[in-house]
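Asks: Sequence below, structure please.
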Amino acid sequence: MKMNETAVAGQEPAEQPVGGEFPKLLKIGVFPASVEAQFRSLFTLLDEDDLRNDPAQVASVAGIVTRSNYRIPAELIDRLPGLRIITTNGVGYDGIALDHARQKNIVVTNTPDVLNKAVAELAVGMLLALLRKLPEADGFVRAGAWEESPFPLGTSLAGKRVGIVGLGRIGKEIAQRLVPFEVDLSYFGRARQAVPWRHFDSLPAMARHVDVLVLSCPGGAATRHIVDATVLRELGPDGVIVNVARGSVVNESDLCHALANGIIQGAALDVFESEPLGPSPLRQLPNVILAPHIGSATHETRRQMAELAIRNLVSFFRTGRAVTPVA
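Replies: Next up is the predicted model:
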């Protein structure tokens, strides 16, 4: 068995599919057309409407394919008696009832590494856009205001103190992209790592030290609302925050208050506590850049993510082993 593959205890390897056909999958979430086509080239995909319209189909579902910003609750898992694998087309899996899946001997896989660079690119791009006021500059030119007055000055990234919350795979990619900007890097995490940057084991302490907080940590109970009113006060009125992690990492109510009252200078957010973002004070604030969870949303990255998700499914159904399992 290869080191990056995991056999499933208590499950016999599936027989080689006859005629290239695999068991049916339940699709949870909306996928780009090109990505969905990749899955449909090998698998029959059902959606929840299919199961409602034809309840007999429920027993035929052996896998779920989803995206990391959708929930797979225990109730859904229990409705599918033949479920053997849940594959998320993304790196995060905090929306999946992981413990419940483990109890039922259901494999959960994700698509790590292939999206790291794209997410890091977005984080740095959003930071630059925030500091240099690019959205406002675009509107300024389009409105003809340039003819009347100069555009307000922005802020340089060079020389700033940047703190990364979560120096994992994506956090390291972000850090490497920030090095050429001649910033002073720090990171927050439970353990010190073999990197040349300053380590903090207290997030408020790091927030007090830096000008920029970049969030790239996993979601889940352990990181829920770790950025709260206390951290934002420590970051201060010249500080900015970039979140490409999970919306749950930030107390959104505290963030809105901080942005509206000058407690921090600005924020750039790709993720939110509830997605899609509905009515929210964030949509009315001029000092925040909003993106619709597009960290991995490039043609190249989404293709690679789908390819890895498909490799997980094919390997599991043929051998009983997944390529990148998380449970």
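Asks: so Asp201 touches Tyr187, yeah?
Replies: No. Asp201 sits out of contact with Tyr187 when judged by C-beta atoms under 8 Å, with a separation of 10.3 Å. C-beta: built from backbone N, CA, C; applies to glycine.
Asks: ok, Val227 - contacts?
Replies: Val227 makes contact with 165, 203, 213, 215, 241, 243, 249-251, 254-255, according to C-beta atoms under 8 Å, 6 or more residues apart in numbering.
Asks: again, 10 Å this time
Replies: 165, 203-204, 207, 213, 215, 217, 235, 241, 243, 245, 249-252, 254-255, 258 (C-beta atoms under 10 Å, 6 or more residues apart in numbering).
Asks: which of these are buried?
Replies: Buried by 16 or more other C-beta atoms under 10 Å: 165, 203-204, 207, 213, 215, 217, 235, 241, 243, 245, 249-252, 254-255, 258, out of these.
Asks: the strands in the protein, which residues?
Replies: Ranges of strands in the chain, per DSSP state E, are 6-7, 24-28, 45-46, 61-66, 85-88, 107-109, 161-165, 184-188, 198-200, 212-215, 240-243, 266-269, 288-290, 321-322.
Asks: Can you show me the helices along the protein?
Replies: Applying DSSP state H to the chain gives helices spanning 33-40, 48-53, 74-79, 98-103, 116-131, 134-142, 169-178, 203-209, 229-235, 252-260, 299-319.
Asks: Same list (these) but as TSV, adding distance to Asp270 and mean pLDDT.
Replies: As requested, the helices of the chain are exported to TSV (distance: least, C-beta to C-beta, whole Å; pLDDT from 0 to 100):
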stretch	distance to Asp270	mean pLDDT
helix 33-40	19	94
helix 48-53	27	96
helix 74-79	26	98
helix 98-103	23	97
helix 116-131	6	99
helix 134-142	14	98
helix 169-178	12	98
helix 203-209	20	99
helix 229-235	18	99
helix 252-260	14	99
helix 299-319	14	97
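Asks: could those go into TSV alongside distance to Ala221?
Replies: Listed next are the helices of the chain as TSV, based on distance: least, C-beta to C-beta, whole Å:
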stretch	distance to Ala221
helix 33-40	30
helix 48-53	27
helix 74-79	15
helix 98-103	11
helix 116-131	22
helix 134-142	34
helix 169-178	20
helix 203-209	16
helix 229-235	18
helix 252-260	17
helix 299-319	25
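Asks: quick one: pLDDT of Asn69?
Replies: Asn69 is assigned 84 on the pLDDT scale.
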